[in-house]
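**Student:** This is a predicted model, with the sequence first.
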Amino acid sequence: MIAEDPRPLPFFVYGTLRPGEANHDLFLRGRTLAEEPARLTGAVLYDGPGYPYAVEEPGGTVRGELVTARPEAYEELLAALDRLEEYVPGDPRNLYERLVRDVVRTEGGTARAWVYLAAPRVAARLRATGTRIADGDWLSRR
């Protein structure tokens, strides 16, 4: 498991940061070079209180976007997304963990990307009592 990576990596977003969702314009507008459809394999999606959680599970797929930040905006965007997700490296109270995972581009190929996955204690609760989004697409809940 890779916790930190010094290279600027794209972000895989699957919930409120997707185009048309509440946080997209607040956090991503003007800070990205590219946004393209992609999917995270080996994970499933659970409905949260107004936002989703991706939980690692073999055989599952989560749909989202692969977002590449503008180089000059990368550090600021990384810090802003960590704040949004209330992620602090090593904090046991985290709701999400920011991890590097391989993401499949819809146009073909894969990319290493940052993904905010449910922290272990949150994932265990969701597996036990959560509401799974069957098709792995947050946008389909509408």
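**Tutor:** Thanks, I have it.
**Student:** Tell me how many other residues surround Ala118.
**Tutor:** The number of residues packed near Ala118 is 25, by other C-beta atoms under 10 Å. C-beta: built from backbone N, CA, C; applies to glycine.
**Student:** what's the answer for Thr16, then?
**Tutor:** Counted with other C-beta under 10 Å, Thr16 comes out at 17.
**Student:** From here on, call the first residue 184.
**Tutor:** OK, 184 is where the count begins now, so the last one is Thr199.
**Student:** Name the SS class of it, please.
**Tutor:** Secondary structure state of Thr199, per DSSP: H, G, I helix; E, B strand; the rest coil, is coil.
**Student:** pLDDT of the longest strand seen in the chain, averaged?
**Tutor:** When the chain is parsed with DSSP state E, its longest strand is strand 235-252. For strand 235-252, mean pLDDT rounds to 97.
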